[in-house]
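[1] 3D, please:
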Amino acid sequence: MTDRAAEIAANLADVRARIEAACKAAGRSPEEVRLLAVTKTFPASDAAILAGLGVRDLAENRDQEAAAKAAEVDAPVRWHMVGRLQRNKARSVVRWADEVQSVDSTRLAEALARAVAAARDAGERTEPLDVLVQASIDGDPARGGCPLDRLPELAHGVIRSSDLRLRGIMAVAPLGMEPRAAFDRLASVAGELRTEFPTARELSCGMSNDLEEAIDYGSTCVRVGTALLGGRGLASP
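    Presented below is the predicted three-dimensional model:
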């Protein structure tokens, strides 16, 4: 094992131990929480190491970097788009992404649905695209996300197309807000969304610095980058 592989393996063991401990404290099973490894700005070789260590979900936040990386990593992993996405990138994103967690507008959902249909017709894709609606907990448009009171409208926009599958809700704890307060508000909204949309079971929240708090409030997917791979790596294209 190379030094880098050993470093990542040790970090992965630490993160998994944190998840297990947080689940135990919350009275939950670790199997309820999926680890999404955020590989943005790190080389494809790091993503391949994670895959070799059994990580099956990898995330990127920029299409150009992700498309090249996904093509290079020859492993049975699911790729997730977690960054802000412009509609004109939809056609490219659906070529490599299994799931987009950052759908924050009906217009983006419509663009993705059209892109999936085109990719299917071109023989580039056979499955619908899994989608999470991104919530803005504090309503700040500069940070992306849909205001909480408009999430049902957005969810309806997603389920209009058979080329999209609504899987849940994603959010980031706002800067300056105590994570527990943010996740408490998010958990309440997520519960309401599940009542109206039963397929929206996923609650994607919690990162390297606040995954314990997120798990305590019901997160089913934690997005971890720094704790696995260290400080940001290669500059994004």
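
[2] what about the strands in this structure?
    Counting by DSSP state E, one finds strands in the chain at the ranges 34-38, 57-60, 78-81, 99-103, 129-136, 146-147, 164-170, 202-204, 221-224.

[3] the nearest residue to Ser208 once chain neighbours are set aside: neighbour count?
    Leaving aside its chain neighbours, Ser208 sits nearest to Ala227 (3.9 Å; criterion: C-beta to C-beta, 6 or more residues apart in numbering). Where C-beta positions appear, they are placed from N, C-alpha and C, glycine not excepted. Neighbour count of Ala227, defined by other C-beta atoms under 10 Å: 18.

[4] so Ala227 touches Glu212, yeah?
    No. In this structure, Ala227 is not within contact of Glu212 by C-beta atoms under 8 Å, at 11.5 Å.

[5] export the strands of the chain to CSV and tack on distance to Ala5?
    Shown next, in CSV, are the strands of the chain (distance: least, C-beta to C-beta, whole Å):
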stretch, distance to Ala5
strand 34-38, 14
strand 57-60, 16
strand 78-81, 21
strand 99-103, 26
strand 129-136, 30
strand 146-147, 39
strand 164-170, 30
strand 202-204, 27
strand 221-224, 18
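
[6] which of those sits closest to Ala115?
    Evaluated with C-beta to C-beta, those place strand 129-136 nearest to Ala115, the distance being 8.2 Å.

[7] surely Val172 and Cys205 touch.
    Yes. Counting by C-beta under 8 Å, Cys205 is a contact partner of Val172 at 7.3 Å.

[8] neighbour count winner among these two?
    Just comparing Val172 and Cys205: by other C-beta under 10 Å the higher neighbour count belongs to Cys205, 30 against 23.

[9] residues in contact with the more buried one?
    By C-beta atoms under 8 Å, 6 or more residues apart in numbering, Cys205 lies in contact with 170-173, 183, 186, 214, 217, 219, 221-222.
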